[in-house]
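>>> I'll drop the sequence and a predicted model, then ask my questions.
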Amino acid sequence: MAIYPVVDADSHVEEPEEAWEYLDKEYEARKPFALVTEDRPILGHMNAFWYIDGQVVPKPYGHGATVYGTPLAQNLAKGKTFSIGSQALTDADARLRDMDSLGVDISVIFPTVFLEPLTDDIHFEAALMRSYNTWMAKACAKRPDRLKWAAVMPMRDLPAAIEELRRGRDLGAVTAGIYGTVDHRMLHHPDFEPFFAEAERLAMPVCVHVGWSHPGLKWSMDTTFGAHAVSFALPVMMGFYSFVGGNILNKFPRLKVAFLEAGAGWLPYLVDRLDHYFHADTALDWWVPERLPSDCVRDSQIYVTCEAEERLLPQVIETLGEDRVLMEADLPHSEARHSAVREIQERKDISDAVKEKILSKNALRFFNL
């Protein structure tokens, strides 16, 4: 039993219809609603969908496949070990019991349905995110000592994103949630500099979460396996490039950023690759970032979540430092592992002091808790 508070840096809510109750009046008629169908094998038990502006999500098969457990009428959601009330945060006590069973004291909660763009109307999408953030603030306020939350940012509507960054902080969010790209645009595109400048000014940490943010990568995958392994995960690494190779952290050195749910084993490889091309392109007198990427990683406030069983975790710690690795539970998603905390505690290749940092101290510092 841990004697320090265990902080889960990344879990989720499976959104109920109540998440749309705070839509701006002009969008009330377009409120998302659930469609339920028969559960054919090809659906993988995702037999309910959100109807949003003429399209349905998630998309279980075909080009552009996505996979997640909301709306909660899905058989996928009904078959989980977590109750519907826990998944939806409509029963805070049930969520706390599930956290207790995982050995988690504090959980930072991210959205699920926004793992992919929901509409081509960026102003409507911003309104959906505002409604969600308002609802999440109220849901987590039932147990604010243990339930923390990330405000999702409408990055495709930049003025709205900057306004929501401020409003989210005022509502009690502990971080701003974004994805690794904004459609085809990389995060180091000059358009987004005002957002990162404001996040730095507000001392609001930014989390780059996995998700189907890049249309080309999303379209390329036609199975849920490929959607999870490739189009879901790779945008996080593209986002990492933007912060390190695209000079975001050189421009905003006080900004804290974490990269979530893609594991951590990719980080030593990608830093080595960036260093390799930094040296090669410098020799050719081509453009390179302002600093050697490995120096930027060591000197900046970059964090990453790890999986409990990752073989390369010692190499990640060597590359990034023991003070910037976080633990995630991913409750109540299908990948959630009930034994993650115990598995980290039982590892033989990292010290007890480092385990305490991964399970507690690093997240307390990153989220300003």
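Cool, the structure landed.

>>> can we go C-alpha only for contacts and neighbour counts from here?
OK.

>>> what about G211, neighbour count?
Neighbour count of G211, defined by other CA atoms under 10 Å: 28.

>>> Go ahead and confirm it touches E116.
Yes: look at G211 against E116 with CA atoms under 8 Å: they come within range, at 6.1 Å.

>>> what's across from the residue most central in space within the chain in the sheet?
By CA atoms, centre = their mean, the chain has its centre lying nearest to H209, at 2.7 Å. For H209, the beta-bridge partners are Y179, L260 (DSSP bridges).

>>> how about the strands in the stretch 101-250 of the chain?
106-110, 147-152, 175-179, 181-182, 185-186, 206-209 (DSSP state E, counting those that start in this stretch).

>>> can I get the ones you listed in CSV with distance to G44 and mean pLDDT?
Converted to CSV, those look like this (distance: least, CA to CA, whole Å; pLDDT from 0 to 100):
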stretch, distance to G44, mean pLDDT
strand 106-110, 23, 98
strand 147-152, 27, 98
strand 175-179, 25, 98
strand 181-182, 28, 98
strand 185-186, 32, 98
strand 206-209, 24, 98
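
>>> still on that earlier bit, quick one: residues contacting the residue nearest to the centre of the chain.
If a contact means CA atoms under 8 Å, 6 or more residues apart in numbering, then H209 has 177-180, 236, 259-261 as its contacts.

>>> what residue ranges in the chain score low on pLDDT?
1-2 (pLDDT under 70).

>>> what's the distance between V210 and A262?
Separation of V210 from A262 (CA to CA, to the nearest Å) stands at 6 Å.

>>> Which residues are in contact with each of those two?
Joint contacts of V210 and A262 (CA under 8 Å, 6+ apart) are 233, 236.

>>> buried residues in the one helix or strand R97 maps to?
For R97, the host element (DSSP states H and E) is helix 92-102. Residues 92, 94-96, 98-99, 102 are the ones in helix 92-102 that count as buried (16 or more other CA atoms under 10 Å).

>>> List the contacts of V36.
47-49, 73-74.

>>> Which PyMOL command selects the buried ones in the residues you listed?
Command for PyMOL that selects the buried part of those, burial taken from 16+ other CA under 10 Å:
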select buried, resi 47+48+49+73+74
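
>>> And the contacts of V36, which is closest to K31?
Closest to K31 out of the contacts of V36 is F49 (13.6 Å), distances taken as CA to CA.

>>> I'd like to know how far that closest one sits from T66.
F49 sits 12 Å away from T66, going by CA to CA.

>>> just A92 next, same as before
On the measure of CA to CA, A92 and T66 end up 28 Å apart.

>>> now the buried residues of helix 92-102 in TSV, with distance to S231?
Formatted as TSV, those follow (distance: CA to CA, whole Å):
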residue	distance to S231
A92	32
A94	32
R95	29
L96	32
D98	30
M99	29
L102	29
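
>>> Tell me if I'm right that P332 and V13 touch.
Yes: at 7.2 Å, P332 and V13 qualify as touching, with contact defined as CA under 8 Å.

>>> Please name the bridge partners of V304.
F259, V325.

>>> isn't it right up against A258?
Yes: using CA under 8 Å, V304 is in contact with A258, at 5.2 Å.

>>> in which helix or strand would I find the closest residue to L331 other than its chain neighbours?
Once flanking residues are discounted, L331 sits nearest to S11: 4.9 Å by CA to CA, 6 or more residues apart in numbering. Element membership of S11 [criterion: DSSP H and E] is strand 7-12.

>>> Can you lay out the contacts of V36 as CSV showing secondary structure?
Listed next are the contacts of V36 as CSV, based on DSSP: H, G, I helix; E, B strand; the rest coil:
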residue, secondary structure
N47, coil
A48, strand
F49, strand
A73, coil
Q74, coil
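
>>> between the contacts of V36, which is closest to D281?
Nearest to D281 among the contacts of V36 is F49, at 47.5 Å by CA to CA.

>>> ok, that closest one - contacts?
So F49 contacts 34-36, 56-58, 70-71, 74 (CA under 8 Å, 6+ apart).
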